[in-house]
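S.K.: no sequence on hand, only this structure:
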């Protein structure tokens, strides 16, 4: 296994994959080649010669035989597979060895919209369901118990307030990200 020279803590939401691709490209330009990623926010890099490397992510829930054919398709188009993390497949290609048209994995807006839909259905809707069915009811349950159960209930309420604020922030950011990307892919910006 190759030596890992740098680990960077970085957080991207479900809809920040284009920003993540750009950040990984900039890291490669600075001489840091992505070795692997550890969920949820740790990027492990190897020192390398600075190079313009394009990183692209594709969201696929693949298992078994489908995975082999899917990865082979990308190899056939010159993309190097790095890793799959949380159903996001990471690919890279040297920008210097490819023409401009070869630097995108999705050339049609419909394909980009399809990926956005897969992310929405597989990742965001379950996250939203947890928010609506677990976080909010437990927040109100804790709120109604304040003063009844003593200090323990107050601490629990504080935990639920923090969790609620975090969920509201992430849900808002992701929902706005979906709208922004949908508009962008439809050519409406």
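M.R.: Looks like it came in fine. Keep in mind that what you see is a predicted model, and the values were worked out from it rather than measured. Numbers count the residues shown, from 1 in each chain.

S.K.: give me the low-pLDDT residue ranges for the protein?
M.R.: 1-2, 65, 100-101, 145-152, 189 (pLDDT under 70).

S.K.: please enumerate the helices of it.
M.R.: 17-29, 65-76, 109-119, 125-130, 136-145, 151-185 (DSSP state H).

S.K.: adding distance to residue 57 and mean neighbour count, write those out as a markdown table.
M.R.: All C-beta spots, glycine's among them, are computed from the backbone N, C-alpha and C. Shown next, in a markdown table, are those (distance: least, Cβ to Cβ, whole Å; neighbours: other Cβ atoms under 10 Å):
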| stretch | distance to residue 57 | mean neighbour count |
| --- | --- | --- |
| helix 17-29 | 5 | 18 |
| helix 65-76 | 12 | 12 |
| helix 109-119 | 9 | 16 |
| helix 125-130 | 18 | 12 |
| helix 136-145 | 31 | 14 |
| helix 151-185 | 13 | 14 |
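
S.K.: which among the ones you listed is found nearest to residue 44?
M.R.: helix 17-29 (11.2 Å; Cβ to Cβ).

S.K.: re earlier: now the helices of the chain as a markdown table including distance to residue 58?
M.R.: Shown next, in a markdown table, are these (distance: least, Cβ to Cβ, whole Å):
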| stretch | distance to residue 58 |
| --- | --- |
| helix 17-29 | 9 |
| helix 65-76 | 8 |
| helix 109-119 | 7 |
| helix 125-130 | 20 |
| helix 136-145 | 33 |
| helix 151-185 | 14 |
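
S.K.: contact partners for the closest residue to residue 47 other than its chain neighbours?
M.R.: Leaving aside its sequence neighbours, residue 47 sits nearest to residue 5 (Cβ to Cβ, 6 or more residues apart in numbering; 4.5 Å). Residue 5 makes contacts with 32, 45, 46, 47, as judged by Cβ atoms under 8 Å, 6 or more residues apart in numbering.

S.K.: restricted to strands, list those.
M.R.: 32, 45, 46, 47 (DSSP state E).

S.K.: want to throw those residues into CSV with neighbour count?
M.R.: As requested, the ones in strands among the contacts of residue 5 are exported to CSV (neighbours: other Cβ atoms under 10 Å):
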residue, neighbour count
32, 20
45, 21
46, 15
47, 12
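
S.K.: quick one: which of those residues is nearest residue 156?
M.R.: Distance ranking of the ones in strands among the contacts of residue 5 against residue 156, using Cβ to Cβ, places residue 45 first at 39.9 Å.
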